[in-house]
Each structure stands twice: as C-alpha cells, then as structure tokens.
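1. Predicted structure and sequence below. I'll ask about it afterward.
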Amino acid sequence: AVVTTTAAPKADPVVSTASIAVLPFADLSPGKDQEYFSDGMAEEILNVLAKVKGLHVASRTPSFQFKGREIGVPEIAKQLKVRHVVEGSVRKAGETLRITAQLIDTQTDRHLWSETFDRPLTADNIFAIQDEIARAIAKALNQTMGGGIPVEVTVAPATDNLTAYDLFLQARPLFLARADLDKAENLLIRAVEQDPNYANAWEMRAALQSLMEEYGYSSASHAEIDQRTTEFANRALAINPQSSTSIAVLAKQEMNAAQFQRQRGDYAAIISEYERALGFNPRDASALNWLGLAYGEVGDLKASLANFSKCLEYEPYYGPCCINQIVTLAAMGRDAEALVAYRAALNAGIRRVYLLFPLLARTGQEIPFKSVTNSPSVLFGWRRHDELYEAFRHPERTYPDLIADIQRFNQKTKQMNQTDLASLLIPIGAFDLVPSSIEIWDGSFAGYRRSTQFKTRISNSGVYDYWRKHGFPPQCKPVGKDDFACK
C-alpha cells in the first residue's frame, strides 16, 4: 500500500514580547510638505528605543517600507516579526506643532498608550516630545512584561536651533540613499551656519566628502577632500567624543589613502578604529559597511560577508551593504547566492545595483548584462556591447582595443565615474586603474592579480604588512621571505 502524508503547516515563529517597530509618522500638515520632518520624528524615536537594553527594535528601512501602503498594523507586525508597533502623526502649522503617538500590542489589538502633544514649534519642544514618547513607551512595555525593560530613557537635545534641525532632517534621507549628495551637503552647510555646535550635522558632512567623490557629485582634489573630512570629523568629535560616524569616517579616510596608494595604511589600526566606532553604536550601518570593505581589502572575505550581513540585519535595504554583499558572494565563487541577492535587491528598488558585470557575464545573463552596459550611466550610445559581453565571458585574455575605445567614448560623454570605469575595464585588461577592495578577489580579476600593478598595490598599501603580521588569506601565500603570490 502507498501511504501518503500531509506535512503539518509550519508554525509562525515565536515573537518576543520585548519587540517593537516604529512606523513612519503621517504628515498631516496643511501643505503636505513635511514628510521629511514626520519621518525624522519617527526615526529619532526609533533610534532612542534601539538603545534600550533588552528591547528588539525593527530597523528603519523595513519599518518604513510600509509607508503609503494599505496594510493593517497586525500584518505589518507579522512581517516585521514584532509584537508592538508605534504609529503616529505630525502636524506643523505656522508656529505650532501637534504630534500624536500610540503604542499598540498587535497580539491583543490593545492600545497600551496614546497621547497628543500640542506645543509651540521650537527645537526644545521637539526633543522634549521625543523624550516623553520614548519614556512612555518604555514604561508601558515594562508594565506589560512585568519588568525587565529600563524605563529611564533620555533624549539628549542635538541642537537648540529649529532651522538647523529642519535642514538636517532634509539632508539625512539623501545621505542614507546616496542620492543628491551635493544637495545634502548644501543643506548641512546651512545647518552648521545656524548652529556651529551641531555634532550630527558635522559628522554627516565629514562622511559626505569622500562619498561625493565616489558617487560623482564632486571634483574636489584628494587634498581638499582629506582636509575637509578631517576638519568636519574633528569638529563633531570635539562636541561628541562618542560620535561613531566621525570615528569611522576618519578610519575610512586612512583606508582610502591606502587603497589608492597615497600612503601606506595600517590595516590593523583601521579595523580597530571601525570596531571602536561600533562599540559606541553597534547599529551604525556606515561603520559596518566600511569595516566589511577593510576586511575585503586584506582578502578576508568571510569577515567581509559577516559585516555586510550584520549591517543588513539592522538595515535590510541599506544599499551600500546590499551591493557589497552581492559583490562578496560573487568574489567567493558563490554565484547562485549572489544572483538571488541581486534579484532581491532589484525587487526592493535598491539604487546602484547594476555594476556587477563579471557576475552577469559569468552566469550567462546576456540581456541583463547588455541592459546594464546600455544604461545612461554606463555606455549609452556606444556600439560594441556584443564584443564587450564576449570579452567578459573570456577574461583570461586582455582587450586593449576595447579598453581604448571605451575610454575615448567616456572621455567624450563622461557617463561613468572613475570607480565604475575601473570595475568595467580592469577585468578586460586595464590594470593601471584602481579597483575597489572586494572585487579584486573576483574570478574575473585573476589577470589583474597576476599583474605587477596588483603586487605594487598590495605592497604599497600596507596590505602585505598586515598579512605578514596577521596571516595570509586563503587565496594568497608567501613566497620566500619578502614576496607573495595569489591565485
């Protein structure tokens, strides 16, 4: 006889009572033009609750994905795997501010706390309301759980200047999305003019300086970028010595200088500084991303992947970590997983996930490959995409004619920045360009790893010094006393 069985449905995972999500607050202002402000209020409350010991707080990006969608709070809580949800609204009208917030237990559909705050519109009142909301939520959760959640929650006012705070809130989403970074910089310039002691604005300005170059928003010299980065980060640290972003930015500055061989880097010290920054703020996505890049520079891809994965646990839709996770998986030879992550990133609308030429060509994704190379930010209007695809399919050879033609085209059109151009041309033989940290370990960069340029980079950047003290990565080995070879 044939016996058939029906598998029992999987039970939903047990959701911790000490779990919460803060949804974006609705903008009820008359002009409907204060979304950045209402988002900022919710994010500030989320950041405070994230520091409460014993409380699991869903990150900003997954919580904010439900903005504008017709979906009930219980379903949102289920998708975010939390029991409690905070929702609210903001209304700015003239010189007055109304903020309404409520805490919901989604398993019992019970409102544990709700309140409306009507105050004059001042920076002091904004931070005071944030403090009251966070305290009330912590107290309500502590009572629900019978203790265990600290109720002494404090919001330290970041600035007493309302205009500076408003400008910062406008700049922050641009910084996080790596979009319109020049606009973000201009907003922050105005913010620190309003309040020269605004640490949050100074640390974000420090981070923006090299990012604007990397993303094609600035043509400043390296000396100018380094000078501004150091000045702005030190301004922030003088105000707040525990500014995790500033500590990480200064470490990134050292890493960039080493990567581009402007100076020999101490990678052990760079990694240590990133870890110090994360000691102050373990959820700092930028610090986690840059630490992953540092490990990628020295060839420790497992450590790189671990940091990008941790970053995405906190911020599942944070573009830089998402992209670098895909690049790392590909560099580790885990192409099937990389493609799954690539597809998920595209589904989630992550920006800048297109520069993965080796992965697409290696896995036979001809149409996606050519869709990418035909995009306006790569080689739109160029006529030899078929040859380029075939070159990527056979990276064991070099293609000087293609390289020269692409460089001539880009010199004329200026569609690609130098970082993206290096990603495109190094696999087909342009070894004089400087690749990013992780992609040098990809299979398509094998020719580069055999080049004198690669050996010079490893020696001059300080990576070889790191290997000699801390051990060689699996893909490299020492040769004699003062040499090395990589697969």
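-> Nice, I can see it. Numbers count the residues shown, from 1 in each chain.
2. dump the residue contacts of Gly381.
-> 409, 413 (Cβ atoms under 8 Å, 6 or more residues apart in numbering). In this view, the C-beta of every residue, glycine as well, is placed from N, C-alpha and C.
3. phi, psi of it?
-> With angles defined as degrees, to the nearest 10, Gly381 sits at phi 100, psi -10.
4. low pLDDT regions in this protein?
-> The chain contains residues with pLDDT under 70 at 1-14, 146-151, 351-354.
5. hmm, 80 instead?
-> 1-15, 61, 68, 70, 144-156, 177, 349-355 (pLDDT under 80).
6. Could you find the closest non-adjacent residue to Val463?
-> Val298 (5.4 Å; Cβ to Cβ, 6 or more residues apart in numbering).
7. quick one: that neighbour from Ile440, how far?
-> The gap separating Val298 from Ile440 is 11 Å, by Cβ to Cβ, to the nearest Å.
8. Repeat that for Val479.
-> Look at Val479 and Ile440: by Cβ to Cβ, they are 19 Å apart.
9. coming back round to it: compare Val298 and Ile440 and say which is more crowded by neighbours.
-> For Val298 versus Ile440, neighbours defined as other Cβ atoms under 10 Å are more numerous around Val298 (27 against 22).
10. Test my guess that the more buried one contacts Arg468.
-> No. Contact criterion Cβ atoms under 8 Å: Val298 and Arg468 do not qualify, at 11.4 Å.
11. and Tyr448, what does it touch?
-> Shown in contact with Tyr448 (Cβ under 8 Å, 6+ apart): 426-427, 431, 435, 440, 454.
12. For burial, what's the neighbour tally of Gln194?
-> Other residues close to Gln194 by other Cβ under 10 Å number 17.
13. what does Val327 give?
-> For Val327, the neighbour count with other Cβ under 10 Å is 28.
14. My guess is it contacts Ile440. True?
-> No. Using Cβ under 8 Å as the test, Val327 is too far from Ile440 to be in contact (10.5 Å).
15. from the chain's centre, how far out does the host helix or strand of Gly40 sit?
-> Assigning secondary structure by DSSP states H and E places Gly40 in helix 35-49. Centroid displacement of helix 35-49 relative to its chain, using Cα atoms, centre = their mean, to the nearest Å, is 18 Å.
16. neighbouring contacts of that helix?
-> If you take Cβ under 8 Å, 6+ apart as the criterion, helix 35-49 is touched by 20, 22-27, 29, 55, 57, 59-60, 63-64, 86, 88-90, 92, 99, 101, 126, 130-131, 133-134, 137-138, 153, 155, 166, 169-170, 172-173.
17. Alpha carbons of stretch 367-387, in PDB - could you do that?
-> Output of stretch 367-387 as PDB, limited to C-alpha atoms (Å, rounded to 0.1, in the frame of the first residue of the first chain):
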ATOM      1  CA  ILE A 367      20.300  40.500 -21.800                       C
ATOM      2  CA  PRO A 368      20.700  41.900 -18.200                       C
ATOM      3  CA  PHE A 369      24.400  42.500 -18.900                       C
ATOM      4  CA  LYS A 370      23.700  44.500 -22.000                       C
ATOM      5  CA  SER A 371      20.800  46.300 -20.400                       C
ATOM      6  CA  VAL A 372      23.300  47.500 -17.800                       C
ATOM      7  CA  THR A 373      26.000  48.500 -20.200                       C
ATOM      8  CA  ASN A 374      23.500  50.300 -22.300                       C
ATOM      9  CA  SER A 375      22.200  52.400 -19.400                       C
ATOM     10  CA  PRO A 376      22.800  56.200 -19.400                       C
ATOM     11  CA  SER A 377      25.300  56.000 -16.500                       C
ATOM     12  CA  VAL A 378      27.500  53.400 -18.300                       C
ATOM     13  CA  LEU A 379      27.800  53.200 -22.100                       C
ATOM     14  CA  PHE A 380      24.600  54.600 -23.500                       C
ATOM     15  CA  GLY A 381      25.100  55.300 -27.300                       C
ATOM     16  CA  TRP A 382      28.200  53.100 -27.600                       C
ATOM     17  CA  ARG A 383      28.100  50.500 -30.400                       C
ATOM     18  CA  ARG A 384      30.200  47.400 -29.300                       C
ATOM     19  CA  HIS A 385      28.200  45.800 -26.500                       C
ATOM     20  CA  ASP A 386      28.300  42.400 -28.000                       C
ATOM     21  CA  GLU A 387      32.100  42.500 -28.100                       C
END
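18. tell me the SS of Leu379?
-> Here Leu379 is coil, with the state taken from DSSP: H, G, I helix; E, B strand; the rest coil.
19. how close does it sit to Leu424?
-> Distance from Leu379 to Leu424, by Cβ to Cβ: 8 Å.
20. repeat for Arg110
-> 56 Å.
21. Neighbour count for the two, which is higher?
-> Leu424 (23 against 10).
22. The more buried one: helix or strand, and which one exactly?
-> Leu424 belongs to helix 418-425 when elements are defined using DSSP H and E.
23. and that helix, what does it pack onto?
-> helix 400-413 (3 or more Cβ pairs under 8 Å, 6 or more residues apart in numbering; DSSP states H and E).
24. list the buried ones in the helix it packs on?
-> The neighbour-count check on helix 400-413 (16 or more other Cβ atoms under 10 Å) flags 402-403, 405-406, 409-410 as buried.
25. of those, closest to Arg205?
-> Asn410 (30.0 Å; Cβ to Cβ).
26. what sits against that closest one?
-> Contacts for Asn410 were tallied using Cβ under 8 Å, 6+ apart; they are 379, 416, 421.
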